[in-house]
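Asker: Generate a structure from the sequence data that follows.
(2 chains)
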Amino acid sequence: MLPEAIELVIVTPTRQLLRTRVREVTLPGANGYLGVLPGHAPLMTELGIGELTFLGAAQSEPISVVRGFAEVLPDRVTVLAETAELAAEIDLERAEAAKARAEKRLAAGDPNIDWDRVSVALQRALIRIQVARKYRGVPANSR
Amino acid sequence: MPTLLDFRRRIRSVKNTQQITRAMKFVAAARLRRAQEAALAARPYAKELVRVLRSTISRIAEPQHPLLSRRPEGRVLALVLTGERGLAGAFNTNILRKANEFSRANKSRKLSVIPVGKKGRDSLRKAGFNLIGEYVNVLARVEFGTVREISNLVTDLYAKGEIDSVYIIFSEFKTVMSANLTVEKLLPVDPAQVVEGSEGASASGQVDYIYEQPEEQLLDRLLPRYVESQVQRAMLESSAAEHAARMTAMESATKNAGDVIEALTLHMNKVRQAAITKEIIEIVSGATSTA
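Answerer: As a prediction, the model looks like this:
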């Protein structure tokens, strides 16, 4: 028999962000987004930089996730993210500033910059902005 | 013979000291609570990470990775975690003694040290250790960015073959009254230790996962995270132990100050009494002589 719900656990090195029961999760895998329903086969994946969404009983708020790993079991999804933030927690101004900084650095064309670091910073800022905007565009949810 | 005024002055001065030690005790208690909370908050991640790493390692017949490769330990690096400040009882002394012991035990090897914490940096530099880096003012509030910086530095040195093993020397927080001086091997990572490690070793290791990425690639990403979480744990433990040690030290200092005040007050009263008695005798003897 298939389990009816998934227990979603999101942890980062500094805290446990979330532990809740959900009906569906969408994870930002390193090779693309993947949707998980209850009863999924056991799976292990690396995470990229993206947006994690879920459908649960309570109000569902998107979460920005930056790299890490996810373990999927039939009735449990464990997300080990390097950083993860609820949409409501995201500091939009800081994210915009980070984006501007990264873009400026890329545009400067300095041959000595650390491309990896800058592009990761840019992606991170972009996903934060995306997640925060999406959430704030729907004022029905309580802040 | 000290006069009443001298006593009053001394009592006032001891009282001032007591106020300071008492305040430091409360500050240390508050910081200890925060450090404990941080350590607690970091635990779920560390636990899950070890679980994932364990099942990944057990799936690979012969794990190959720069961070797993053992070499003869010719050049050793030690991370020494001390406090940022003094007045914490024997906390810093104990750690430094352990570091000295470690250096004696590794006399035949080339030892380099990275101190974390201002106290450790100062004493180790004075003692003539070979410092190849230093991190100060990072333990009051353990930021993950610092953790990452430190572990990146040591994993880099290790992967480049500039050092052959990395140890971490720190105080493990046990209770408020006691801490364990610990020397842990950080690198190379010992897969056997990870696999055998702590609870739940059997169940999760057996699940037949689908791997989205090749196991080796996952391992390559997991190992640095594992080292990070070890460093983070050590820093949080050490910081909690430091605050606990300071709290205990300040508590006994406050108590001692109380004892001193009590003794001084008793003494002062005796002196006062003696002075009064003397005056009465003088008056009485004066009166009898005039009568």
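Asker: and A:Val120, that's in a strand?
Answerer: No. Using DSSP: H, G, I helix; E, B strand; the rest coil, the assignment for A:Val120 is helix, not a strand.
Asker: quick one, what contacts it?
Answerer: Neighbour list for A:Val120: A:Ile49 [criterion: Cβ atoms under 8 Å, 6 or more residues apart in numbering or on different chains]. Where you see a C-beta, it was placed from the backbone N, CA and C, and this is true even at glycine.
Asker: any idea how far A:Arg136 is from it?
Answerer: 24 Å (Cβ to Cβ, to the nearest Å).
Asker: which SS class is A:Leu34?
Answerer: Going by three-state DSSP: A:Leu34 is strand.
Asker: count of residues packed around the residue lying closest to it once chain neighbours are set aside?
Answerer: Among residues not flanking A:Leu34 along the chain, A:Leu27 sits closest, at 5.4 Å (Cβ to Cβ, 6 or more residues apart in numbering or on different chains). Counted with other Cβ atoms under 10 Å in any protein chain shown, residues neighbouring A:Leu27 total 24.
Asker: any idea what sits nearest B:Pro2, other than its immediate chain neighbours?
Answerer: B:Val271 (7.3 Å).
Asker: Tell me, how many residues neighbour the one you found?
Answerer: 16.
Asker: tell me which element residue 45 is part of?
Answerer: In the absence of a named chain, this looks at chain A. strand A:43-56 (DSSP states H and E).
Asker: Not quite, go with chain B.
Answerer: helix B:4-59.
Asker: ok so, going back, didn't the residue nearest to B:Pro2 look like it was pressed against B:Phe7?
Answerer: Yes. In this structure, B:Val271 is within contact of B:Phe7 by Cβ atoms under 8 Å, at 6.8 Å.
Asker: what inclination does the helix or strand encompassing the residue nearest to A:Leu34 have with respect to strand A:32-36?
Answerer: Assigned by DSSP H and E, A:Leu27 belongs to strand A:15-29. Angle of strand A:15-29 versus strand A:32-36, following axes from the mean of the first three to the mean of the last three Cα atoms, to 10 degrees, is 110 degrees.
Asker: domain parsing for chain A?
Answerer: A:6-87, A:92-136 (automatic domain parsing).
Asker: average pLDDT for the last one?
Answerer: Right, the one you point to is domain A:92-136. In this model, domain A:92-136 carries a mean pLDDT of 81.
Asker: Now do it: distance from first to last residue.
Answerer: 10 Å (Cα to Cα, to the nearest Å).
Asker: got the contact list for whatever residue of chain A ends up closest to chain B?
Answerer: Residue nearest to chain B within chain A (Cβ to the nearest Cβ): A:Thr45, separated by 3.6 Å. The neighbourhood of A:Thr45, defined by Cβ under 8 Å, 6+ apart, consists of A:Leu27, A:Gly29, A:Ala30, A:Asn31, A:Leu34, A:Phe69, A:Ala70, A:Val72, B:Tyr211, B:Glu212, B:Gln213.
Asker: Identify the bridge partners of it.
Answerer: Per DSSP bridges, the residues bridged to A:Thr45 are A:Ala70.
Asker: Contact residues of chain A facing chain B?
Answerer: A:9, A:11-16, A:29-31, A:34, A:41-46, A:69, A:71, A:73, A:78, A:80, A:82 (Cβ under 8 Å from any Cβ of the partner chain).
Asker: What's the ChimeraX syntax to select whichever of these are buried?
Answerer: To isolate the buried ones among those in ChimeraX, judged by 16 or more other Cβ atoms under 10 Å in any protein chain shown, type:
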select /A:9,11,12,13,14,15,16,29,30,34,42,43,44,45,46,69,71,73,78,80,82
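Asker: nearest spatial neighbour of B:Arg31, skipping sequence neighbours?
Answerer: B:His243 is the one closest to B:Arg31 (Cβ to Cβ, 6+ apart), at 4.5 Å.
Asker: Next, count neighbours for the closest residue to chain A within the stretch 151-291 of chain B.
Answerer: Relative to chain A, the nearest point of the stretch 151-291 of chain B is B:Glu212 (3.6 Å; Cβ to the nearest Cβ). Applying other Cβ under 10 Å, we find 20 residues neighbouring B:Glu212.
Asker: what's near enough to touch B:Leu124?
Answerer: Contacts of B:Leu124 by Cβ under 8 Å, 6+ apart are B:Val80, B:Leu96, B:Ala99, B:Val113, B:Pro115, B:Leu131.
Asker: ok, it to B:Gly86 distance?
Answerer: Using Cβ to Cβ, which is the criterion applied here, B:Leu124 is 15 Å from B:Gly86.
Asker: buried ones in stretch B:113-126?
Answerer: Using 16+ other Cβ under 10 Å as the test for burial, stretch B:113-126 gives B:Val113, B:Ile114, B:Pro115, B:Val116, B:Gly117, B:Lys118, B:Lys119, B:Gly120, B:Arg121, B:Asp122, B:Ser123, B:Leu124.
Asker: need the residues you listed in CSV with secondary structure and pLDDT, can you?
Answerer: Shown next, in CSV, are these (DSSP: H, G, I helix; E, B strand; the rest coil; pLDDT from 0 to 100):
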residue, secondary structure, pLDDT
B:Val113, strand, 89
B:Ile114, strand, 91
B:Pro115, strand, 91
B:Val116, strand, 91
B:Gly117, coil, 89
B:Lys118, helix, 90
B:Lys119, helix, 88
B:Gly120, helix, 87
B:Arg121, helix, 90
B:Asp122, helix, 90
B:Ser123, helix, 89
B:Leu124, helix, 89
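Asker: picking up where we left off before, and the angle for the strand or helix carrying the residue nearest to B:Arg31 with helix B:4-59?
Answerer: B:His243 is part of helix B:215-290 when elements are defined by DSSP H and E. On the basis of the same axes, to 10 degrees, helix B:215-290 is oriented at 170 degrees to helix B:4-59.
Asker: tally of neighbours for B:Glu279?
Answerer: B:Glu279: 10 neighbours (other Cβ under 10 Å).
Asker: Give me the pLDDT for it.
Answerer: pLDDT at B:Glu279 comes out at 92.
Asker: what's the answer for the one 4 residues further on, then?
Answerer: Note for B:Ile283: predicted pLDDT of 92.
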